[in-house]
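**Q** Structure for this input, please:
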Amino acid sequence: MSNLELEPTEIDCGTTVQRDGLRAVETTDEVRVEVLTARDVPLGGPRAMTVHRTLPQRQRSLIGAWCFADHYGPDDVSVTGGMDVPPHPHTGLQTVSWLFTGEIEHRDTMGNHAMVRPGEVNLMTAGHGIAHTEVSTPETTTLHGVQLWVALPADAVDTPRDFAHYVPPLIEADGTALRVFLGELAGERSPVHTFTPLLGAELTLDAGAEIDLPVNPEFEHGVLVDTGAIRVVNSAAAPLVRTELGYVGVGATHLHLSNVADERTRVVILGGAPLDEEIIMWWNFVGRTHDDIVTYRDEWMAHSDRFGQVQGYTGEVQHLPAPTLPTTHLRPRHNEPGRA
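**A** Take a look at the predicted model:
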């Protein structure tokens, strides 16, 4: 998915934790949970679909190498028009598309023509550069899912374009259901290749259900709530609610999740080894310096071979214009991983 903001927010992410966007910091004897609240962002014009953006924020720009998290829907396509994102570029990242409801048609400059469907992950590696389109299908009445980006490490930023599709098995037990689309959790491993150690999974819990998940203590983790309310640890702390993301730093050996709602709760679990690098993310590009971003933007606007051309998109706009760069010098973002 493109970041369609006309004036993308420039975020200076240093090592000092700031309070805006933070509902609370819950501390127990077991684990410390930072609660990040989403920022609502309209995508597109007057019938824009609103997404709830939990990453990046000033106080927490990365979870492992996860650098961007948009959560959207349930979106009534008859009201908003659904998703129709013209050809747009990416560099230095991988896009991870995961749907709960609906269907999206994907086309890219490698010639891939694929569908994004519920329970099926599509991962696109931009690397040196790629362009793609995303359009909800005519059969879609409700669109609901997450769009995630992963920053590539410095030694992989110029890796060739790639695309992967995977249907993870559904693992059900004791009122819970788990799909692991990246990495490894609860004995399930995804074959999809990433360039840093990562975890991505969807978990649903019936009302009153709970689960204790062994996790890699070298990872930091995030629990993004899609529906219902969930407590990350057994405590009196306020539960996470819809669109909130609970962050747990490195050192945790388990995530104990309990559904405290009267309905089924669904969460997306993100995790990864801390990315000990400074990155600059502006619009749809990830680079290491201000000059990198300037180069990517100039080459996109010049229709460079770096990105190629998407074939088969029938929309009116065949080359989404890049926003104007800010007059200030883009600064890298880096934040120290928290401790559980």
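
**Q** Under the pLDDT cut-off, which ranges of the stretch 101-250 of the chain? List them.
**A** Within the stretch 101-250 of the chain, the segments meeting pLDDT under 70 span 234-237.

**Q** State the helix or strand in which residue 316 lies.
**A** For residue 316, there is no helix or strand it lies in under DSSP states H and E.

**Q** quick one: contacts for the residue most central in space within the chain?
**A** By Cα atoms, centre = their mean, the mean C-alpha position of the chain lies nearest to residue 148, the distance being 2.0 Å. Going by Cβ atoms under 8 Å, 6 or more residues apart in numbering, residue 148 touches 66, 68, 69, 70, 95, 96, 97, 98, 200, 270. All C-beta atoms are positioned from the backbone trio N, CA, C, and that covers glycine.

**Q** Give the next helix or strand downstream of the helix or strand hosting it.
**A** In the assignment (DSSP H and E), residue 148 maps to strand 142-151. Using DSSP H and E, the helix or strand that follows strand 142-151 in sequence is strand 162-166.

**Q** that older thread, could you tell me how far the residue nearest to the centre of the chain is located from residue 278?
**A** Going from residue 148 to residue 278 by Cβ to Cβ, to the nearest Å gives 21 Å.

**Q** same deal with residue 322?
**A** From residue 322 to residue 278 the distance is 22 Å (Cβ to Cβ).

**Q** Between these two, point out the one with more neighbours.
**A** Using other Cβ atoms under 10 Å as the criterion, residue 322 and residue 278 rank with residue 322 on top: 19 against 15.

**Q** thinking again about what came up before, could the contacts of residue 148 go into a markdown table alongside secondary structure, distance to residue 116 and neighbour count?
**A** Output for the contacts of residue 148, formatted as a markdown table (DSSP: H, G, I helix; E, B strand; the rest coil; distance: Cβ to Cβ, whole Å; neighbours: other Cβ atoms under 10 Å):
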| residue | secondary structure | distance to residue 116 | neighbour count |
| --- | --- | --- | --- |
| 66 | strand | 18 | 26 |
| 68 | strand | 17 | 23 |
| 69 | strand | 16 | 25 |
| 70 | strand | 14 | 20 |
| 95 | strand | 10 | 24 |
| 96 | strand | 10 | 25 |
| 97 | strand | 5 | 22 |
| 98 | strand | 8 | 22 |
| 200 | strand | 14 | 28 |
| 270 | strand | 18 | 30 |
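
**Q** Which member of those is positioned nearest residue 135?
**A** Comparing the contacts of residue 148 against residue 135 with Cβ to Cβ places residue 97 closest, at 12.5 Å.

**Q** can you count the residues close to the nearest residue to residue 34 once chain neighbours are set aside?
**A** Nearest non-adjacent residue to residue 34, counting by Cβ to Cβ, 6 or more residues apart in numbering: residue 247, 4.1 Å away. Other residues within reach of residue 247 by the criterion other Cβ under 10 Å amount to 27.

**Q** next one: residue 260
**A** Counted with other Cβ under 10 Å, residue 260 comes out at 17.

**Q** Does it touch residue 231 like I think?
**A** Yes: counting by Cβ atoms under 8 Å, residue 260 touches residue 231, with 5.4 Å between them.

**Q** what do these two both touch?
**A** With Cβ under 8 Å, 6+ apart, residue 260 and residue 231 have common neighbours residue 239.

**Q** Touching the top helix by length along the chain from outside, list them.
**A** In the chain, taking DSSP state H as the definition, the longest helix is helix 290-301. Contacts to helix 290-301, defined as Cβ under 8 Å, 6+ apart, come from residues 89, 91-92, 129, 131, 280, 282-283, 285, 287, 306-307, 321-322, 325, 329-331.
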